[in-house]
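Colleague: sequence-free structure coming up:
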């Protein structure tokens with residue numbers, strides 16, 4: 001190949017290299033344009049000659065036609081607050097030995113007066129004497145990221161100010177539990193400095209009985225993944241911020257996530273709930289005391305909800321109705337009401353529930369033994385701490401015996417009134433008959449006293465028997481004195497017969513009159529006289545009791561010339577009172593009196 005040909009080929013290679021270089025420069029310029037990178041080249045060997053890319057001019061707010069600028073022009077664009085510091089940093093970098101230069105500062109763009117943040121990354125070329133001869137760098141407009149960073153910093157500062165002014169402990173942790181931030185209240189709670197609080201092992205301050213409830217870091221991470229998003233984690237524990245003092249704390253933690261959604265830690269607060277917890281503990285203790293008192297109380301205690309359904313029955317009331325605690329949910333107390341009391345009770349209870357007022361009533365309820373018992377019920381409304389009506393509380397007292405005693409007392413008073421009136425009527429009749437006009441006063445007085453004694457003896461026997469039934473034999477023994485003065489002259493013989501109070505009084509008066517008459521005119525007026533009193537039952541469709549008075553051994557008997565009180569008592573009053581028949585025969589050998597009383601009258 002000739003020398004000419006070699007030169008021609010060399011020229012072609014050089015042109016190709018130039019073309020490729022320009023292509024690479026074009027690609028680099030395109031990259032700078034797309035990435036908004038402002039390129040700059042400063043020749044430091046002779047002043048401050050420089051070349052700047054279009055992106056550089058745009059970032060700095062310079063016209064596209066701007067040519068070489070001086071060092072002073074660049075310094076003039078730097079924000080006044082940053083100017084001295086940035087220039088000193090630049091000059092120090094050139095004067096030193098470093099090959100890299102980086103800076104971040106504000107400029108004021110001449111084109112629109114805006115303040116922009118610029119980040120610079122450059123390399124410094126040096127000669128063999130280590131003098132800076134050229135600087136090649138890139139400028140980036142980082143205003144948006146810088147403002148965001150400043151906003152974040154301001155936000156964090158606001159958070160710190162707010163957190164430090166909060167009266168409750170607050171903290172921020174990393175994923176492994178390390179404290180990144182604690183507020184002033186946190187440090188004050190543990191009585192340490194803020195720096196000490198960040199390093200404090202708070203787990204060591206937990207009460208031994210609560211330590212097992214504290215989750216480890218790994219457990220917390222698992223809890224976050226299994227907990228609905230945004231749902232906080234809560235725990236109540238006792239903690240000792242100072243020696244010998246235990247406080248109840250309710251800690252509430254929320255998971256923190258970064259901009260990519262990755263779990264990076266927790267933020268939490270702590271509420272001192274000591275007072276509330278102590279009140280809760282005291283409430284539980286109070287409820288337990290109430291339960292024990294209610295269970296052992298001698299009255300039936302109940303609690304209902306706002307709709308009248310039983311939610312608690314004490315032991316006495318459960319035993320009354322024969323139900324267990326597990327049956328309360330299905331139990332309907334209304335079904336135990338006596339049908340006659342149902343409407344009254346339901347009306348009272350419904351009204352008390354509607355008006356939220358107390359009530360008091362008595363009603364009959366069916367107990368576990370199938371008996372209707374009278375319960376005196378008192379109920380009072382219950383309200384929540386917020387004033388909401390939540391039901392009734394009350395007590396039942398079994399007053400069945402008291403009610404029966406009251407009814408018996410009323411009957412007794414009525415019976416007593418009746419008996420007093422009857423007795424006075426009998427006394428009045430005795431007095432009227434005894435103290436007739438032709439009666440000798442002394443004899444009349446004695447007769448009157450005897451008749452009152454007979455009446456009193458009958459009343460004594462009835463009183464001993466609670467005014468129920470009296471034995472005919474005992475009545476005859478007392479009235480006729482067969483166990484004392486008349487033991488040998490009067491004999492009694494007959495089966496056991498019980499008399500009603502009315503029959504006993506009538507028979508006592510009759511036997512007394514017969515005995516008095518026998519003493520004055522009959523068998524008892526002589527030493528040989530005898531009296532036989534016997535009674536027996538007759539058969540037949542209408543059985544009767546027959547009582548027979550038979551005198552013997554006395555003087556000859558003849559019918560009286562006039563009818564005295566005894567005759568009237570025997571033949572009229574006695575027969576009427578006993579609902580039977582009375583026959584008096586004045587046999588010469590001795591008086592015979594027969595009294596026939598139907599057995600259904602006894």
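Modeller: Sure, I can see it. Computed from a predicted structure; not experimentally measured.
Colleague: CA only for contacts and neighbour counts going forward, please
Modeller: Noted.
Colleague: Regarding residue 252, what is its secondary structure?
Modeller: strand (DSSP: H, G, I helix; E, B strand; the rest coil).
Colleague: Next, the contact list for it, please.
Modeller: Residue 252 makes contact with 232, 233, 234, 235, 268, 269, 270 under the criterion CA atoms under 8 Å, 6 or more residues apart in numbering.
Colleague: Tell me the bridge partners for it.
Modeller: Here residue 252 sits in beta bridges with residue 234, residue 269, going by DSSP bridges.
Colleague: picking that back up, the contacts of residue 252 into a markdown table, with extra columns for neighbour count?
Modeller: Shown next, in a markdown table, are these (neighbours: other CA atoms under 10 Å):
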| residue | neighbour count |
| --- | --- |
| 232 | 15 |
| 233 | 16 |
| 234 | 13 |
| 235 | 13 |
| 268 | 19 |
| 269 | 20 |
| 270 | 20 |
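Colleague: Among those, find me the one that's closest to residue 526.
Modeller: residue 235 (112.4 Å; CA to CA).
Colleague: Please enumerate the helices of the stretch 251-400 of the chain.
Modeller: 274-296, 315-321, 339-355, 400-434 (DSSP state H, counting those that start in this stretch).
Colleague: Tell me which of those sits most buried.
Modeller: Of all the helices of the stretch 251-400 of the chain, helix 315-321 has the most neighbours on average by mean count of other CA atoms under 10 Å, namely a mean of 19.
Colleague: Relative to the whole chain's centre, how far out is that one?
Modeller: Centroid displacement of helix 315-321 relative to its chain, using CA atoms, centre = their mean, to the nearest Å, is 20 Å.
Colleague: And stretch 256-267, by the same measure?
Modeller: Counting by CA atoms, centre = their mean, stretch 256-267 is centred 42 Å from the centre of its parent chain.
Colleague: if we can go back for a sec, need the helices of the stretch 251-400 of the chain in JSON lines with mean pLDDT, can you?
Modeller: JSON lines is the format used below for those (pLDDT from 0 to 100):
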{"stretch": "helix 274-296", "mean pLDDT": "80"}
{"stretch": "helix 315-321", "mean pLDDT": "91"}
{"stretch": "helix 339-355", "mean pLDDT": "87"}
{"stretch": "helix 400-434", "mean pLDDT": "67"}
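Colleague: Throw the ones you listed into JSON lines and include distance to residue 116, thanks.
Modeller: Output for these, formatted as JSON lines (distance: least, CA to CA, whole Å):
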{"stretch": "helix 274-296", "distance to residue 116": "54"}
{"stretch": "helix 315-321", "distance to residue 116": "84"}
{"stretch": "helix 339-355", "distance to residue 116": "74"}
{"stretch": "helix 400-434", "distance to residue 116": "98"}
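Colleague: Of these, give the one that comes closest to residue 120.
Modeller: helix 274-296 (57.4 Å).
Colleague: Which strands and helices lie in contact with the closest one?
Modeller: Secondary-structure packing of helix 274-296 (3 or more CA pairs under 8 Å, 6 or more residues apart in numbering; DSSP states H and E): strand 245-257, helix 315-321.
Colleague: Can you tell me what sits against the shortest one?
Modeller: I take that to be helix 315-321. So helix 315-321 is contacted by 294-302, 324-325, 366-368 (CA under 8 Å, 6+ apart).
Colleague: Now the buried members of the residues you listed.
Modeller: Buried members of these, counted by 16 or more other CA atoms under 10 Å: 294, 295, 299, 300, 301, 302, 366, 367.
Colleague: Mind checking which of the residues you listed land in strands?
Modeller: Applying DSSP state E to those, the entries found in strands are 300, 301, 302, 366.
Colleague: Name the nearest of these relative to residue 501.
Modeller: residue 366 (36.1 Å).
Colleague: domain parsing for the protein?
Modeller: Here the domain parsing of the chain from automatic domain parsing is 30-141, 148-272, 285-397, 406-601.
Colleague: could you list every residue that touches the residue nearest to residue 184 when sequence neighbours are not counted?
Modeller: Nearest non-adjacent residue to residue 184, counting by CA to CA, 6 or more residues apart in numbering: residue 164, 4.9 Å away. Going by CA under 8 Å, 6+ apart, residue 164 touches 183, 184, 185.
Colleague: Would you quantify the distance from residue 164 to residue 191?
Modeller: To residue 191, residue 164 is 15 Å away according to CA to CA, to the nearest Å.
Colleague: again with residue 178
Modeller: As for residue 178, its distance to residue 191 is 19 Å (criterion: CA to CA).
Colleague: between the two, which one's more packed in?
Modeller: For residue 178 versus residue 191, the count of surrounding residues by other CA atoms under 10 Å is larger for residue 178: 16 against 13.
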